[in-house]
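*Asks:* kindly return the folded structure for what I paste below:
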Amino acid sequence: MSSHYLGHAFDIHGGGKDLIFPHHENELAQSRAACPESNVNYWMHNGFVNRDNQKMSKSDNNFFTIRDIIEKYHPLALRFFLMRTHYRADVNYSDRQLDTASDRVFYIYQTIHDCEKALSPFREGNIKGQIPDDIRELVNKFPTNFTASMSDDLHTTAVLDDLMEPLKAINSNLKKFKHI
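*Replies:* Residues are numbered from 1 along each chain as shown. As a prediction, this is how the structure comes out:
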């Protein structure tokens, strides 16, 4: 099926961690036997979804869908929540963690909004000398840290943690830029 839709070689093949052996090992062997040029560059296996530290299942009546979640939370809060867990680790869903993710997303967007508002009078001017060195350093090192974390097996948790430090520093210094 994969080769029918994606060709004989493709970048990423994924599935649940329960499929590593024997399913994906068998699939790889069959594909290479049928077509020697078959190749997958990256095999990625995700963890399971738990709810309040219990395996999610229909039989336990603790099952939900993404549609159920986005009726209650913004989709970006769900995305943030999922990115807080490494893709290979089990995801432990709880309303409390979704509430926290929702608050973090709001904080990020509120900071961006406050920056836009506070810095709008300076659009035409130069504020270079007015940005504290410690904040400039945090902001400037973020792309390097981002690349290092993403290159380390898509370590999105570290990226999100690293993002909060410059945002907090920016927030604490926004007052002096606010237009009165």
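*Asks:* CA only for contacts and neighbour counts going forward, please
*Replies:* Noted.
*Asks:* please state the offset of the helix or strand hosting Tyr42 from the chain centre?
*Replies:* Here Tyr42, judged by DSSP states H and E, is contained in strand 39-46. Offset of strand 39-46 from its chain centre (CA atoms, centre = their mean, to the nearest Å): 18 Å.
*Asks:* ok, now stretch 28-45?
*Replies:* Taking CA atoms, centre = their mean, one finds stretch 28-45 lying 28 Å from the centre of the chain it belongs to.
*Asks:* over to stretch 17-31?
*Replies:* Averaging C-alpha positions (CA atoms, centre = their mean) puts stretch 17-31 27 Å from its chain's average.
*Asks:* name the residues of it that are buried.
*Replies:* Applying a neighbour-count criterion of 16 or more other CA atoms under 10 Å, one finds Lys17, Ile20, His24, Ser31 buried in stretch 17-31.
*Asks:* domain map for this structure?
*Replies:* 1-46, 64-177 (automatic domain parsing).
*Asks:* chain neighbours aside, what residue packs nearest to Phe48?
*Replies:* Asp90 (4.6 Å; CA to CA, 6 or more residues apart in numbering).
*Asks:* so who does that neighbour touch?
*Replies:* Neighbouring residues of Asp90 by CA atoms under 8 Å, 6 or more residues apart in numbering: Asn46, Gly47, Phe48, Val49, Asn50.
*Asks:* could you export the domains of the chain as JSON lines, including mean pLDDT?
*Replies:* Formatted as JSON lines, those follow (pLDDT from 0 to 100):
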{"stretch": "domain 1-46", "mean pLDDT": "87"}
{"stretch": "domain 64-177", "mean pLDDT": "89"}
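*Asks:* out of those domains, which is the most enclosed?
*Replies:* Ranked by mean neighbour count, those are led by domain 64-177 with a mean of 15 (mean count of other CA atoms under 10 Å).
*Asks:* quick revisit: and the strand holding Tyr42, which strands flank it?
*Replies:* If you go by DSSP bridges, strand 39-46 pairs up with strand 9-16 (parallel).
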